[in-house]
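Novice: Using only what follows, build the 3D model:
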Amino acid sequence: MLCENCNKKPATVHLTKILNEKKAEHHLCEQCATQQEGVYFDTSYSINNFLTGLLDSIQDSPIKIDYIQTTKCDKCGMNYGKFKQLARLGCSQCYNAFQEKLGPLVKRIQGNEIHVGKIPRKAGGAILTKKEIKSLKVRLDEAIRKEDFEHAVLLRDEIRELESKLGD
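Specialist: Model (predicted):
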């Protein structure tokens, strides 16, 4: 399909305008489309644009401007507006300072708000065993609280077995 305007180049931009319940479609080449009023192509797309776009889409509210200007990190002094501009936090305390806004973003990107990290291959066995023991201890406390002592004994024995493997 050729551009409706110049009839020379292929149409790569397809505009649909709806005005007073009337739909009008236009098929233009990129050059002709940029000459149309209200059409703008931002070719300098970056990860900063992506992250700030996500932040804006998640957190539209009337108090957004106030939060951007007034919320600051106590340790490094960075405000939320500067973070949005740089797409980089100033220090480790910024996570706490901007938790209200970062929490939903991190959860949306990673599926969880808490970063658990990766486990190195060489130390992986011991670390995984320690995590398993910690999880079993939580389950043991829950079993004791529910007075499910038969299950608690099994959990206790499993914990002891794992702890003995760590001691070797």
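Novice: Strands of the chain, start to end?
Specialist: 13-19, 22-28 (DSSP state E).
Novice: just the helices in the protein please.
Specialist: 30-34, 47-58, 64-70, 80-86, 94-97, 99-110, 124-145, 149-167 (DSSP state H).
Novice: what is the mean pLDDT for the second one?
Specialist: So the one you mean is helix 47-58. For helix 47-58, mean pLDDT is 59.
Novice: re the thing from before, of all the strands of the chain, which one is nearest His151?
Specialist: strand 13-19 (61.7 Å; Cβ to Cβ). C-beta: built from backbone N, CA, C; applies to glycine.
Novice: got the buried residues for the closest one?
Specialist: Within strand 13-19, the residues scored as buried using 16 or more other Cβ atoms under 10 Å are Val13.
Novice: Spit out the contact partners of Pro10.
Specialist: When contacts are counted by Cβ atoms under 8 Å, 6 or more residues apart in numbering, Pro10 touches 1-3, 29.
Novice: ok, what's across the strand from it?
Specialist: Note on Pro10: beta-bridge partners Leu2, judged by DSSP bridges.
Novice: One more: Lys22?
Specialist: Leu19.
Novice: now His27
Specialist: His14.
Novice: That one: what's it in contact with?
Specialist: 1, 3-4, 11, 13-15.
Novice: same thing but at 10 Å, please
Specialist: 1-5, 10-15, 33 (Cβ atoms under 10 Å, 6 or more residues apart in numbering).
Novice: still on that earlier bit, wait, which of the strands of the chain is closest to Phe149?
Specialist: strand 13-19 (67.9 Å).
Novice: counting contacts, what elements does that closest one pack onto?
Specialist: In terms of contacts (3 or more Cβ pairs under 10 Å, 6 or more residues apart in numbering; DSSP states H and E), strand 13-19 is packed against strand 22-28, helix 30-34.
Novice: for the ones you listed, which one sits closest to Gln85?
Specialist: helix 30-34 (26.5 Å).
Novice: buried ones in the closest one?
Specialist: For helix 30-34, using 16+ other Cβ under 10 Å, the buried residues are 32-33.
Novice: Would you mind measuring from the nearest residue to Glu163 once chain neighbours are set aside to Leu154?
Specialist: In space, and not counting its chain neighbours, Glu163 is closest to Ile133: 6.4 Å by Cβ to Cβ, 6 or more residues apart in numbering. Going from Ile133 to Leu154 by Cβ to Cβ, to the nearest Å gives 14 Å.
Novice: Then Lys22?
Specialist: From Lys22 to Leu154 the distance is 72 Å (Cβ to Cβ).
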